[in-house]
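Participant: sequence? don't have it. structure:
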């Protein structure tokens, strides 16, 4: 876009782009210290700059062009365009909310320092030539993103019960106050952008806005408290302190009511496991165990109809059964979704954070339903990660836990589809009383799945589960679940960490046709290629299995399964070599 603006001969394109650029509202709903907002500022700055350069150039040739657009600049900011640009972006484009007041103060400080860094100090000028820093107390706010009235619809839903006349009076009072608050905010922002305004005018505008907001917040807080706290079981003051309600409808009234919501929402919501959540206004589901799920729903509530959203969340969004309703909500809420899936090995997406994540980019700016997904991506160099990402037409499996399979190329998609042409019958061979046990961990290994048909003598014991199988089935199940094909299947349908019975049962294979002759050979190889090492958690020596040294046997198993599924030579080659650089890393390094 920057190149287009720099090269175009169409001055109207620049005019309209600049007009819309100053209106774009960008929100991080859990902004922390403002890293995402800071990044957004760095993206917007060159777009502002190229527009201003082109407008000034055209204005020099024709003084009748772009006078209104350049009016703000030609006075106070003529000598320092970058300061003007940063101030406009921070006041017009950037918004953030966080529950920690310290985080919001740091976010504001980072933005201020960005502006100060470009200020030209003139010793002879008043105040050394420094312009007043913008006040962004009403852009970067402290509050609970998930508690409070997000939209007018939320408020209306709460006014459907109780005394009809009292509710109507409350409704009129709130809407009147919201209109006054919106006007006060416009006045406050205008005072800051007009450098001629004196300090007293600025102070009065800010105090008027604070007073109006405080009055309106108190009205809505008491209404929300009465609606959600049963029988006054918690004192109002205690509830206010613990919940820190934030009413989006009020705090950003001109955006939520005037624009229908924010244009762009970006962020990395907290990944906080919670046993229960006691505020549910506006949410479709009330049993998510992680706060990020509620944040995603809130984002949809406070975004406009043609918004873009880009959120980094745990990979559980693609596959954990508990989040099936969240995936349904997301799939129905957006016409376009791009989902990338990132492993933690060899390096994680974030330095020092061992977390498998998915990046969800969503919008309704499309005329057709679009879902794009990637494979389970391994990262070696973050600098080229996004340049190398490849997408595939994705699938929303409404009939199976609403999964979003992690598939990023047509070859893998074809393999996945062929797998599902078979009947699944592994679990029909389970036994309720058998001495033939299949041991497996309830969490997946990084590059291998570890089912054993013998006691692995591994610790901690609580991380192991077992299934009992018929004598004729145990070895066939053992070799099948140790195949590279099952490993691929597991990475597609799981969060690549948890491993449960349902993952095993979802693998469709008629094990009656599986050759179990390799079972003894594989078991012996596993036992032969195990080492003993000291483990602090176990408080002693434990076994560690080097299963990659059994890869040649596993390859033979995959060749047999390939015949069963009807895979082509190309598909079999893909299966055998899947993730080979990482799964066989030690041996490859030795060979080098």
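Facilitator: Yep, that arrived. Model, not experiment: these values are computed from the prediction.
Participant: what's the domain layout of the chain?
Facilitator: In terms of domains, the chain is parsed into 1-142, 148-258, 263-276+284-408, 411-591 (source: automatic domain parsing).
Participant: for the shortest one, measure first residue to last.
Facilitator: Domain 148-258 stretches 19 Å from its first residue to its last (C-alpha to C-alpha, to the nearest Å).
Participant: quick one: mean pLDDT for that domain?
Facilitator: In this model, domain 148-258 has an average pLDDT of 85.
Participant: pLDDT on the longest strand along the chain, on average?
Facilitator: Secondary structure of the chain per DSSP state E: the longest strand is strand 303-314. The average pLDDT within strand 303-314 is 96.
Participant: run through who's touching that strand.
Facilitator: Contacts with strand 303-314, where a contact means C-beta atoms under 8 Å, 6 or more residues apart in numbering, come from 259-269, 271, 290, 292, 295-296, 299-300, 349, 355-365, 495. Just so you know, the C-beta spots here come from the backbone N, C-alpha and C atoms, and that holds for glycine as well.
Participant: again, only this time at 6 Å
Facilitator: Here strand 303-314 makes contact (C-beta atoms under 6 Å, 6 or more residues apart in numbering) with 259-268, 271, 292, 299, 357-365.
Participant: can you pull the contacts of residue 300?
Facilitator: So residue 300 contacts residue 333 (C-beta under 6 Å, 6+ apart).
Participant: mind running it again at 10 Å?
Facilitator: The contact partners of residue 300, taken as C-beta atoms under 10 Å, 6 or more residues apart in numbering, are 150, 261, 265, 282, 284, 307, 309, 329-330, 333-334, 362.
Participant: over to residue 361?
Facilitator: Shown in contact with residue 361 (C-beta under 10 Å, 6+ apart): 266, 308-311, 334, 336-340, 372.
Participant: mind pulling up the phi and psi values for it?
Facilitator: With angles defined as degrees, to the nearest 10, residue 361 sits at phi -110, psi 120.
Participant: what's the answer for residue 439, then?
Facilitator: Dihedral pair for residue 439: phi -90, psi 140, per degrees, to the nearest 10.
Participant: what's across from it in the sheet?
Facilitator: residue 452, residue 466 (DSSP bridges).
Participant: I'd say it and residue 466 touch.
Facilitator: Yes - using C-beta atoms under 10 Å, residue 439 and residue 466 qualify as a contacting pair, with a distance of 4.8 Å.
Participant: which neighbours do the two share?
Facilitator: Contact criterion C-beta under 10 Å, 6+ apart; residues shared by residue 439 and residue 466: 451-452, 455.
Participant: out of those residues, which end up buried?
Facilitator: When the shared contacts of residue 439 and residue 466 are checked for burial by 16 or more other C-beta atoms under 10 Å, the buried set is 451-452.
Participant: could you dump the shared contacts of residue 439 and residue 466 to TSV with distance to residue 239 and pLDDT?
Facilitator: Output for the shared contacts of residue 439 and residue 466, formatted as TSV (distance: C-beta to C-beta, whole Å; pLDDT from 0 to 100):
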residue	distance to residue 239	pLDDT
451	50	91
452	52	92
455	53	87
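Participant: contacts only, for residue 68.
Facilitator: By C-beta under 10 Å, 6+ apart, the contact set of residue 68 is 15, 19.
Participant: how far away is it from residue 55?
Facilitator: Using C-beta to C-beta, to the nearest Å, residue 68 is found at 10 Å from residue 55.
Participant: list residues touching both of the two?
Facilitator: residue 15.
Participant: from what I see, residue 182 and residue 259 are in contact.
Facilitator: No - using C-beta under 10 Å, residue 182 makes no contact with residue 259, being 11.7 Å away.
Participant: so what sits against both of the two?
Facilitator: Counting by C-beta under 10 Å, 6+ apart, the contacts common to residue 182 and residue 259 are residue 252.
Participant: circling back: neighbour-wise, which of the contacts of residue 300 leads?
Facilitator: Comparing the contacts of residue 300 by number of neighbours (other C-beta atoms under 10 Å), residue 265 comes first, having 27 neighbours.
Participant: need the phi and psi values for it.
Facilitator: When quoted as degrees, to the nearest 10, the phi and psi of residue 265 stand at phi -130, psi 130.
Participant: residues touching residue 370, list them.
Facilitator: By C-beta under 10 Å, 6+ apart, residue 370 lies in contact with 334-338, 363, 391, 393-394.
Participant: in the sheet, who's paired with it?
Facilitator: residue 336.
Participant: pull up the gap between it and residue 327, please.
Facilitator: Taking C-beta to C-beta, one finds residue 370 at 16 Å from residue 327.
Participant: do the same with residue 163
Facilitator: Remark: distance between residue 163 and residue 327 (C-beta to C-beta) = 40 Å.
Participant: out of these two, which sits in the busier spot?
Facilitator: Shown here are residue 163 and residue 327; by other C-beta under 10 Å, residue 327 has more neighbours (22 against 9).
Participant: just to check, that one is in contact with residue 334?
Facilitator: No - the pair residue 327 / residue 334 is not scored as a contact, 11.3 Å apart, by C-beta under 10 Å.
Participant: how many neighbours does the closest residue to residue 229 other than its chain neighbours have?
Facilitator: Residue nearest to residue 229 in three dimensions, not counting chain neighbours: residue 239, with 5.9 Å by C-beta to C-beta, 6 or more residues apart in numbering. For residue 239, the tally of surrounding residues (other C-beta under 10 Å) stands at 20.
Participant: now do residue 360
Facilitator: 21.
Participant: so who does it touch?
Facilitator: Under the criterion of C-beta under 10 Å, 6+ apart, the neighbours of residue 360 are 296, 299, 309-313, 317-318, 330, 334, 337-340, 404.
Participant: apply 8 Å and report the result again.
Facilitator: By C-beta under 8 Å, 6+ apart, the contact set of residue 360 is 296, 309-313, 317, 330, 337-339.
Participant: ChimeraX command to pick out the buried ones of those residues?
Facilitator: Entered in ChimeraX, the line below selects the buried ones among the contacts of residue 360, by 16+ other C-beta under 10 Å:
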select :296,309,310,311,312,313,317,330,337,338,339
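Participant: so of the contacts of strand 303-314, which ones are in helices?
Facilitator: Counted as lying in helices by DSSP state H, out of the contacts of strand 303-314, are 292, 299.
Participant: which of the contacts of strand 303-314 are buried, as a PyMOL select command?
Facilitator: The PyMOL selection below is limited to those of the contacts of strand 303-314 classed as buried (16+ other C-beta under 10 Å):
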select buried, resi 259+261+262+263+264+265+266+267+268+271+292+299+357+358+359+360+361+362+363
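Participant: so which of the contacts of strand 303-314 sit within strands?
Facilitator: Per DSSP E, the contacts of strand 303-314 map to strands at 262-267, 357-363.
Participant: residue 553 touches residue 525, doesn't it?
Facilitator: Yes - using C-beta atoms under 8 Å, residue 553 is in contact with residue 525, at 5.7 Å.
Participant: which residues pair with the residue positioned nearest the centre of the chain across the strands?
Facilitator: When C-alpha atoms, centre = their mean is applied to the chain, the residue found nearest the centroid is residue 312 (2.3 Å). When assigned by DSSP bridges, residue 312 has beta-bridge partners residue 359.
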